[in-house]
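Asker: below is the structure, and that's it, no one-letter string:
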């Protein structure tokens, strides 16, 4: 039985708690023994209060401590831990393993997904990127990760950084393009709902085609007449700048191939 | 029984033919009576050759002629039609209704989706945007559209243009962000597969949250340290320009709210 402590009460901590509780019920050999949170009542719907502490000195012994807090709080949490030589991992995409202090054995347990509190996720499909300092710790991480996900990867800090930057493009930036689509619809009294099947199909296509194969549209065809018409149509200076830069990028891409 | 002729043999024509054939089999009161194509053999797997013509003079009488060709070929096709006062519609997102010659009754039948020949689509979920010059023609368009889709909208030329521009943002530009994600992964020997669940969840989130509610990440949090680290990490000048512009746009957006 691998004993787990989670430190944090944000979106990632929330979804990890739910996933570990479910995994335990299904008979996986893991046990979520404690949660550390400054906001005990925030988590009281998920676990009994007697498993939640807000005092570092009361942290129980465990095989792995998973720190699920914002990047700028990780180092401070690690410095506050009152023990040594235990396995302590963070869940961040961008924080390097060696930026943690080395009082404890260091590792990374990075679930690559976008979490919102009000939207349930199926953790079994979420890729978990693992890193450790030695093979023994990797085995613990691997067992813990596989108890909640079918998609587990050994990823070093450099690769993880690449994934994190790439995730900003395919998630944050893509979401901003959705927002621009929404704004253009609002400006012209059309329902954004009409675009939703296209948004889903654009994502689904990438499951079976490469981005190059999936690309269509006026920029790809170098249809200058349509792109100029679109540019003249855009009312917002920011929309126009983004339209021009991405049209140019798709066009140049065609020249590269 | 509404008689339909399709003119064209590209992706849109291909998927419309399949959809109408299925709708007819299910007992809808429509009949795909003929297809006009310069490349008869291209369509022979979909319909019998005797229903395909490559001669304008042999076009049969029908209640609606659907022109599914590239934008720059629409006007030429319309000019070649050897009849008058029939209902002739195109399937383009950007071509205005009044840019067609008025020998015939004009209309638009615009299915808002991204079509690839090698990927089947469920037409019932595809929004079809309709426009006509009179209410009688609208009824024909509406019956034909509803025979293949559950999502039919009256959309004027100005609104359709807005939808088309918005579609470029949420489809073509989003797909280009997927491609950048893929390139960053390749540069650092990480599998793009790891990002696919995130891509799907990003699209799924927009079905239930507004783009503003769904946004997360360093730009939204105004986490300058992380964005500067990302900028230093990007190897490609074009990736860097897009990163900076979209980060700034998300950041400014926060200030607007």
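Answerer: Noted; the coordinates are in hand. The structure presented is a predicted model; accordingly, all values stated were derived computationally and were not measured.
Asker: list the contacts for the residue most central in space within chain A?
Answerer: Per CA atoms, centre = their mean, the C-alpha nearest to the average position across chain A is that of residue A:113, at 3.2 Å. With contacts defined as CB atoms under 8 Å, 6 or more residues apart in numbering or on different chains, residue A:113 is in contact with A:121, A:126-127, B:197-198, B:201. The way it works is simple: take the backbone N, C-alpha and C, and place the C-beta from them, glycine included.
Asker: check the secondary structure at it for me.
Answerer: Counting by DSSP: H, G, I helix; E, B strand; the rest coil, the backbone at residue A:113 sits in coil.
Asker: where does it land on pLDDT?
Answerer: Listed pLDDT for residue A:113 reads 92.
Asker: so how far is residue A:166 from the residue in the stretch 1-150 of chain A positioned nearest to chain B?
Answerer: In the stretch 1-150 of chain A, the residue that lies nearest chain B is residue A:127 (4.6 Å; CB to the nearest CB). Residue A:127 is 12 Å from residue A:166, where distance means CB to CB, to the nearest Å.
Asker: and those two? which has more neighbours close in?
Answerer: Set residue A:127 next to residue A:166 and count neighbours by other CB atoms under 10 Å in any protein chain shown: residue A:166 wins out with 29 against 23.
Asker: hmm, residue B:187 and the more buried one touching each other?
Answerer: No - Residue A:166 is beyond contact range of residue B:187, at 9.6 Å (criterion: CB atoms under 8 Å).
Asker: which ones are touching residue A:43?
Answerer: Counted by CB under 8 Å, 6+ apart, residue A:43 has contacts A:9, A:13-14, A:17, A:35, A:37, A:52.
Asker: rerun at 10 Å
Answerer: Applying CB atoms under 10 Å, 6 or more residues apart in numbering or on different chains, we find residue A:43 in contact with A:6, A:8-9, A:13-14, A:17, A:35-37, A:49, A:51-52.
Asker: inside strands: which ones of those residues?
Answerer: Using DSSP state E, the members of the contacts of residue A:43 that fall in strands are A:6, A:35-36, A:52.
Asker: what's around residue A:181, how many residues?
Answerer: Close neighbours of residue A:181, defined as other CB under 10 Å, add up to 29.
Asker: which helix or which strand is home to it?
Answerer: Element membership of residue A:181, judged by DSSP states H and E, is helix A:174-187.
Asker: now do whatever helix or strand comes next after that helix and helix A:174-187, the angle between them.
Answerer: Later in the chain than helix A:174-187, the nearest helix or strand by DSSP H and E is helix A:196-208. Computed by axes from the mean of the first three to the mean of the last three CA atoms, to 10 degrees, the angle separating helix A:196-208 from helix A:174-187 equals 160 degrees.
Asker: show me how far helix A:196-208 is from its chain's centre.
Answerer: Mean-position distance between helix A:196-208 and its chain equals 20 Å (CA atoms, centre = their mean, to the nearest Å).
Asker: following it, which helix or strand shows up next?
Answerer: Sequence order places helix A:211-214 as the next helix or strand after helix A:196-208, per DSSP H and E.
Asker: which outside residues touch the following helix or strand past that next one?
Answerer: Following helix A:211-214 in sequence order, the next helix or strand is helix A:218-221 (DSSP H and E). The contact list for helix A:218-221 (CB under 10 Å, 6+ apart) reads A:212, A:215, A:224-230, A:243, A:246-254, B:70-72, B:93-94, B:164-165, B:168, B:172-173, B:175-176.
Asker: quickly list the domain ranges of chain A.
Answerer: With domains defined by automatic domain parsing, chain A comprises A:2-155, A:160-256.
Asker: out of these, which is closest to residue B:136?
Answerer: Minimum separation from residue B:136 across those (CB to CB) falls at domain A:160-256, 24.5 Å.
Asker: pLDDT on the closest one, on average?
Answerer: Averaging pLDDT along domain A:160-256 gives 94.
Asker: tell me the gap between it and the middle of its chain.
Answerer: 22 Å.
Asker: tell me which helix or strand the residue of chain A most remote from its centre sits in.
Answerer: In terms of distance from the mean C-alpha position of chain A, residue A:225 ranks first, at 39.5 Å (CA atoms, centre = their mean). Following DSSP H and E, the helix or strand that holds residue A:225 is helix A:224-233.
Asker: now do the next helix or strand after that helix and helix B:174-187, the angle between them.
Answerer: Under the assignment DSSP H and E, the closest C-terminal helix or strand after helix A:224-233 is helix A:237-256. Put simply, helix A:237-256 runs at 60 degrees to helix B:174-187, going by the same axes, to 10 degrees.
Asker: ok so, going back, residues contacting the residue farthest from the centre of chain A?
Answerer: Residue A:225 sits next to A:218, B:71-72, B:94 when contact means CB under 10 Å, 6+ apart.
Asker: sounds good, over and out.
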